[in-house]
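Chemist: Quick one: sequence and predicted model below, then my questions.
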Amino acid sequence: MPDFPLPPPLPASPLPDLDKAGLLPLWEQMLTIRRVEEMAAKAYTERKILGFCHLYIGQESVAVGAAAACRPEDRWVTGYREHGQAMAKGVPPRAMMAELFGKRTGAAHGLGGSMHIFDQSVHFMGGYGIVGAQCALGTGVAWSLKHLRTGAVCLTWFGDGAANQGAFFESMCLAQLYRLPVVFVCENNLYAMGTSVERSSALTDMSLRGLGVGMMREQIDGFDVENVRHRMGAAIEYARAGQGPVIVEVVTYRHRGHSMSDPAKYRKPGELEEKKKSSDPTVITELRLRELGATEAELAAIRERVEVVAKDAYEFADASPPPDPADLYRYTYAPART
Ligand SMILES: Cc1ncc(C[n+]2csc(CCOP(=O)(O)OP(=O)(O)O)c2C)c(N)n1
Ligand SMILES: [Mg+2]
């Protein structure tokens, strides 16, 4: 045992359990993310989306569960696998897809692309491609939230691979020292590109890294959206109360390759099929909804709505104009405050 005081466990969830009416919208959000990304994959193979494109399919319950535990004014800062997080935080599917297409109507005016979705109106503060760097950005955002006395919390998202980066460790040190309102959310999807977590880390529960600075921590199951909502709720409200940061490791799994150009041959034989069967978050929530009394007609109506939204996003993006070259440098710096 370490010879320093271990932080106590995180408190119980401050949120009530969801009934059918509460859970249906979360299922709809997860399906929307899934279908919009499947349309993005189609657009990628049609060469309508160029460059990098990292899909979130399989991890939808994490972003949706976290969003259900947040307030609108809470900030999110994340990496490049952020399409699902952006939509969960409130970026409209049209603006998301148009950004992937590099169109003027995109969330970042078509100048950012897949890895740089950004929408200040819903406090989604990006989308960054440098692995681990977003941890420092999120810590800075939390510093500002604290000093402006906003009562908001910053969720700083990263992966199991990013949890080996120096910027992440430095961010934890400062966040704990200054008791910043930040929740570090490590989505452990078991791989960093083609390297499995066992091959890259001696400790595979990344939340344990928080103990080195005395940070509150927890490892949670990320496949059940209700569980994510409850445990993220506990972490977020702890940070919001000014008690200091929390690190949560959410165990999850990505169904697709690292990016669209990865055939994902590094998985163990049968692993993907087994995970899809046992822990697809959309299926887990569908089963729960049936237990809660959701009817076939209710579920079918949601599926139909989702289909319309995903197709509409694709068509909107396809029909949108490209950015105006005159705007190339327009968003490089924030407008000066007067
Ligand atoms: C500083 C830096 N080093 C390396 C890379 C190349 N790279 C891109 S993604 C990635 C793996 C990150 O994996 P993880 O943090 O687990 O996130 P996931 O892709 O699983 O969501 C690497 C090494 C990078 N973008 N930035
Ligand atoms: Mg990973």
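Modeler: All right, it came through fine. Ligands and ions are numbered 1, 2, ... in the order given.
Chemist: so residue 249 sits in a helix?
Modeler: No: according to DSSP: H, G, I helix; E, B strand; the rest coil, residue 249 belongs to no helix; its state is strand.
Chemist: Is it bridged to anything, and to what?
Modeler: Beta-bridge pairing of residue 249 under DSSP bridges involves residue 186, residue 219.
Chemist: what does residue 124 give?
Modeler: As for beta bridges, residue 124 partners with residue 76, residue 119 under DSSP bridges.
Chemist: can you list the residues of this protein near ligand 2?
Modeler: By CB under 5 Å from the ion, the residues of the chain that approach ligand 2 are 159, 160, 189, 192. The way it works is simple: take the backbone N, C-alpha and C, and place the C-beta from them, glycine included.
Chemist: Skipping its backbone neighbours, what lies nearest the third one in space?
Modeler: Okay, so that is residue 189. What sits nearest to residue 189 in space, not counting adjacent residues and going by CB to CB, 6 or more residues apart in numbering, is residue 254, at 4.6 Å.
Chemist: I figured that neighbour hits residue 188, correct?
Modeler: No: using CB atoms under 8 Å, residue 254 is not in contact with residue 188; the gap is 10.7 Å.
Chemist: Overlap in contacts, the two.
Modeler: Residues touching both residue 254 and residue 188 by CB atoms under 8 Å, 6 or more residues apart in numbering: none at all.
Chemist: and these two? which has more neighbours close in?
Modeler: Per other CB atoms under 10 Å, whichever of residue 254 and residue 188 has more neighbours is residue 188, with 24 against 21.
Chemist: which regions of this structure lie under the pLDDT threshold?
Modeler: 1-2 (pLDDT under 70).
Chemist: in the sheet, who's paired with the closest residue to ligand 1 within it?
Modeler: Of all residues in the chain, residue 159 sits closest to ligand 1, at 2.3 Å by CB to the nearest ligand atom. Beta-bridge pairing of residue 159 under DSSP bridges involves residue 187.
Chemist: from memory it sits against residue 192, does it?
Modeler: Yes: counting by CB under 8 Å, residue 159 does reach residue 192; the two are 6.3 Å apart.
Chemist: neighbour-wise, which of these two wins?
Modeler: Each of residue 159 and residue 192 has its neighbours counted (other CB under 10 Å); residue 159 has more, 26 against 20.
Chemist: and that one, what does it touch?
Modeler: Counting by CB under 8 Å, 6+ apart, residue 159 has contacts 79, 81, 131, 186, 187, 188, 189, 192.
Chemist: And the helices in the protein, which stretches?
Modeler: Applying DSSP state H to the chain gives helices spanning 20-45, 60-67, 83-89, 93-100, 133-147, 166-177, 197-200, 225-240, 271-279, 281-291, 296-319.
Chemist: what separates the last one from the chain centre, distance-wise?
Modeler: Per CA atoms, centre = their mean, to the nearest Å, the displacement of helix 296-319 from the mean C-alpha position of its chain is 21 Å.
Chemist: quick one, that helix and helix 281-291 angle?
Modeler: 150 degrees (axes from the mean of the first three to the mean of the last three CA atoms, to 10 degrees).
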